[in-house]
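Asks: I would like the atomic coordinates for the input below:
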Amino acid sequence: MDTATTRALHGGVADAAPAIDGDRRGPSRSAGKTAPNGRRTSALLRDFLDTKTGERVHLGALRDALGDRGFGVLLFIFALPNLVPISVPMLSAVLGLPLVLLAAQLTYGRHEPWLPDWITNRSFPREGFDAVMRRALPSVERIERLLRPRLTWLLSWTGERLVGAAILTLALILTLPIPFANWLPAFGIAVIGLAIVEKDGVAVLAGLAVGVLSVVVAATVVIGLVKAALLIASSLLG
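Replies: Below you'll find the model as predicted:
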């Protein structure tokens, strides 16, 4: 074999190698980018429960574990503890303010959520957090199986701003000390949060319907308390 032929063969092999190697590396890079957001929120939470140790759970660590999943998953996480009948001291107080802050940002039109350091550094007991999550996750997984992309125009940039305004109203109600009026707004926010993650406009509408009901319930409770206070005051002054 002459020198020209040998060089040609070596050149062909060298030219083919990058193409083969590029085909092998390309899919793995693509999978690496899509895998974190392709997993269900419940699966990421289970991983967090199984891998994290320590006596307290910091909000910053929880946010980082959930990855770049936007407003939806954070709204869901901060609303979830209000749905489980387990008493965890200060848990609702720690998680109530982030809901208001996230809803305000969504209404304003931010594309990515932001939380200040003084919120991400807040923490609560791990034992209580584990108890809440392990009781709630089976129900979350059942709900996730029902969600799929539908009516996605409701979750456009403009649509999300309107949804954010509704969530802000529910978050403010949630932070108020109104008896029997916290569960419904928290449930509405949690449903809308999961719907945003899964791009399910039908679930958004369902969450908004729950939100309207929660406003009616909260208003009824407040009116009842005001009337009771007026009756007590009139009887005392009587």
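
Asks: please count neighbours and contacts with C-alpha atoms only from this point.
Replies: Will do.

Asks: could you chop the chain up by domain?
Replies: Split into domains by automatic domain parsing, the chain comes to 1-38, 39-236.

Asks: all strands of this protein, in order?
Replies: For the chain, the strands defined by DSSP state E cover 56-58, 123-125.

Asks: least reliable of these going by mean pLDDT?
Replies: Of all the strands of the chain, mean pLDDT reaches its minimum on strand 123-125 (a mean of 79).

Asks: against which helices or strands is that one packed?
Replies: strand 56-58, helix 91-108 (3 or more Cα pairs under 8 Å, 6 or more residues apart in numbering; DSSP states H and E).

Asks: any residues touching the shortest one, and which ones?
Replies: When contacts are defined by Cα atoms under 8 Å, 6 or more residues apart in numbering, strand 56-58 is touched by residues 120-127, 129.

Asks: any idea how far that strand is from the chain center?
Replies: Counting by Cα atoms, centre = their mean, to the nearest Å, strand 56-58 is centred 18 Å from the centre of its parent chain.

Asks: kindly report the same for the longest one.
Replies: Shown here is helix 91-108, whose average C-alpha point lies 11 Å from the average C-alpha point of the whole chain (Cα atoms, centre = their mean).

Asks: and for stretch 190-210?
Replies: A distance of 11 Å separates the C-alpha centroid of stretch 190-210 from that of its chain, computed with Cα atoms, centre = their mean.

Asks: what does stretch 136-144 give?
Replies: Here stretch 136-144 is found 13 Å from its chain centre; the criterion is Cα atoms, centre = their mean.

Asks: count residues in the vicinity of the closest residue to Phe71 other than its chain neighbours, would you?
Replies: Spatial nearest neighbour of Phe71, chain neighbours left out: Pro113 (5.8 Å); criterion: Cα to Cα, 6 or more residues apart in numbering. Neighbour count of Pro113, defined by other Cα atoms under 10 Å: 16.

Asks: heads up, I number from 8, so please use that
Replies: Yes, from this point I'll number from 8; that puts the last item at Pro120.

Asks: which parts of stretch 143-152 are buried?
Replies: 143-144, 147, 151 (16 or more other Cα atoms under 10 Å).

Asks: kindly reformat those as a markdown table containing pLDDT and distance to Ser241.
Replies: Shown next, in a markdown table, are those (pLDDT from 0 to 100; distance: Cα to Cα, whole Å):
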| residue | pLDDT | distance to Ser241 |
| --- | --- | --- |
| Ala143 | 82 | 45 |
| Leu144 | 86 | 49 |
| Val147 | 84 | 48 |
| Glu151 | 86 | 52 |
